[in-house]
Structures are given as C-alpha cells and as structure tokens.
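*Asks:* need a 3D model of the following:
(3 chains)
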Amino acid sequence: MRTSTGSGNIPDVTERSQPFSFYEQDTILVAKNLLGCVLVHLDGDHTTAGRIVETEAYLRTDPAAHSFHGKTRSNSVLFGPAGHAHVFFVYGMYWCMNVVTGREGSEGAVLLRALEPLEGIPVMRERRRTRDIRLLCSGPGRLTRALAITGEFNGVPLTSGSLRIRPPDRTATPGPEGEGEIVQTTRVGISKAQEMPYRFYLKGNANVSRK
DNA sequence: GTACTGATTTTCT
DNA sequence: GAAAATCAGTACC
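*Replies:* Numbers count the residues shown, from 1 in each chain, chains lettered A, B, ... in the order given. Below is the predicted model:
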C-alpha cells in the first residue's frame, strides 16, 4: 500500500520490521526466532528479500566468536547496541552478515547462513550468475551477494533504512515429515575452538547450506 | 554422490 | 606473514 504520488521508486516506509527489543534477548533465542523472518534490502526497482532458514549463534564467551579476543576495527559493531548489522569480509572474496544481539556490550551475534528467495529473484540470478533457486542464497557468502549486501551496511540499524528484517510472513505449519521444525546442530567452518550446537535451520527446506 | 583444492584480500600479530 | 564464521570447480567413486 503505497501512498506516494512520486516516481514509485521510494522505499516503502511502512515496511514492518522487528523492533530493537526483538534483538535484545538471549543470543540463542534470537537465532531461533530469526528463522522464518524475512531479510529485505529495499533498493528501488532492485529490491530483494528472502526468508531466513538457517542461522548460527556466536556468544561473546565463545572462542569461535570474532568478539572473543576484544574489540578491533573490523568487529567494533559487535560491541554496540543490538539490532544492527555487522558485515565482515572473509577469505578475500565474500561478505558475511551478522545481527548484533543481547544487551549493549554484553552478548553476541547471529550469523545469517541461508535464505529462501522471495522477492527480486531475477536480480539475484544476475548477481549470482546461476539459475538454480536453491543456490541463490544457500550460504552466508551467497546471500550477501544475492542481496547486494557489502561493507557499506556495516553498523546500520535493521529497524529502519534500506536493510531490514521483518516478522514471518506466514505462521510455521510443520508438514507431515516435520518440515518447518527447527533443527539444532553444530556450526560450520569453525577453525578455532570446538564446534558447538549453535546452528539452527528449518527442517526439510531446500535452501539451507547443508543438511 | 563425496572429497579435495585454488582463488583472493583484508586484518591483525 | 598467516589466518580467515566461503565458494566453485575438478577429480574420482
């Protein structure tokens, strides 16, 4: 429902988004609650969005967390208020996106690992150079590329502005095989510390990065 | 289907 | 100088 009489390219400011209080909870809880929410990049005619189907939690007290060894230039956002994006560069090629959680200066972050593409799929296909829907956003480096999320979004609030997370579109309706239930398992790609069961994904979803 | 490897660059030690 | 919360391509079964 757009009321603008202008060009039509103005981002819809009525776009619902999760409030800061959503993120100011226990990191593990936020990681689970983010499943089913929708990550939206409002970008005029190139708006892209996807349903979050896979996340990982990183606690401040965890040796695998980027914030564990203290504040540095690249991780300073993790030490700020919850509900903001932390975007970081890995392996010389890829961007990954965290959501800052917990109370200011105390908690951790949730890594977004996979989305189910919802809007702007043609644009995603161009950016990702693949046609397979399942490969568009099924990985932390893939989803940032599909939604054109780069370091310029580091530190932005997710409650307003062009990058947002909105509540689930549909209520979870677990299928006959338990499809849509939350599966809890170990994290991926951890090279420090031992893997912890802080990875969550929606059972049976074709877009998760690993089963 | 699984397994291994190279790409590529920022950041901190 | 080494490491890094990854991915795509190749080889092989």
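
*Asks:* pLDDT below threshold where in chain A?
*Replies:* Low-confidence segments of chain A, defined by pLDDT under 70: A:1-14, A:170-172.

*Asks:* near DNA strand B, which residues of it show up?
*Replies:* Residues of chain A lying close to DNA strand B by CB under 7 Å from any atom of the strand are A:His69, A:Thr72, A:Arg73, A:Ser74, A:Asn75, A:Phe89, A:Tyr91, A:Gly92, A:Met93. Bear in mind the C-beta positions are built from the backbone N, C-alpha and C, glycine included.

*Asks:* can we see that at 6 Å?
*Replies:* A:His69, A:Thr72, A:Arg73, A:Ser74, A:Phe89, A:Tyr91, A:Gly92, A:Met93 (CB under 6 Å from any atom of the strand).

*Asks:* adding distance to DNA strand C and secondary structure, write these out as TSV.
*Replies:* Converted to TSV, the residues of chain A next to DNA strand B look like this (distance: CB to the nearest atom of the strand, whole Å; DSSP: H, G, I helix; E, B strand; the rest coil):
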residue	distance to DNA strand C	secondary structure
A:His69	11	coil
A:Thr72	12	coil
A:Arg73	14	coil
A:Ser74	11	coil
A:Phe89	8	strand
A:Tyr91	4	coil
A:Gly92	5	coil
A:Met93	6	coil
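
*Asks:* widest-spaced pair of those residues?
*Replies:* Maximum pairwise distance among the residues of chain A next to DNA strand B (CB to CB): 23.3 Å, between A:His69 and A:Met93.

*Asks:* circling back to that earlier point, need the residues of chain A next to DNA strand B in CSV with neighbour count, can you?
*Replies:* Converted to CSV, the residues of chain A next to DNA strand B look like this (neighbours: other CB atoms under 10 Å):
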residue, neighbour count
A:His69, 10
A:Thr72, 11
A:Arg73, 5
A:Ser74, 14
A:Phe89, 15
A:Tyr91, 8
A:Gly92, 5
A:Met93, 8
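
*Asks:* between the residues you listed, which is nearest A:Glu104?
*Replies:* When these are compared against A:Glu104 (criterion: CB to CB), the nearest one is A:Thr72, at 18.0 Å.

*Asks:* now A:Ile28: which helix or strand?
*Replies:* helix A:27-34 (DSSP states H and E).

*Asks:* and that helix, how far from the chain's centre?
*Replies:* 11 Å (CA atoms, centre = their mean, to the nearest Å).

*Asks:* repeat for stretch A:27-40
*Replies:* For stretch A:27-40, the separation from the chain centroid amounts to 8 Å (computed by CA atoms, centre = their mean).

*Asks:* and that stretch, what's buried?
*Replies:* Residues A:27-28, A:30-40 are the ones in stretch A:27-40 that count as buried (16 or more other CB atoms under 10 Å).

*Asks:* chain A against DNA strand C: which residues are in contact?
*Replies:* So far as CB under 6 Å from any atom of the strand goes, chain A lies against DNA strand C at A:58, A:65-66, A:90-94, A:96, A:98, A:109, A:111, A:135, A:139-142, A:188-192, A:209.

*Asks:* buried subset of those, written for ChimeraX?
*Replies:* To isolate the buried ones among the residues of chain A next to DNA strand C in ChimeraX, judged by 16+ other CB under 10 Å, type:
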select /A:58,65,66,96,98,109,111,139,140,141,142,190,209
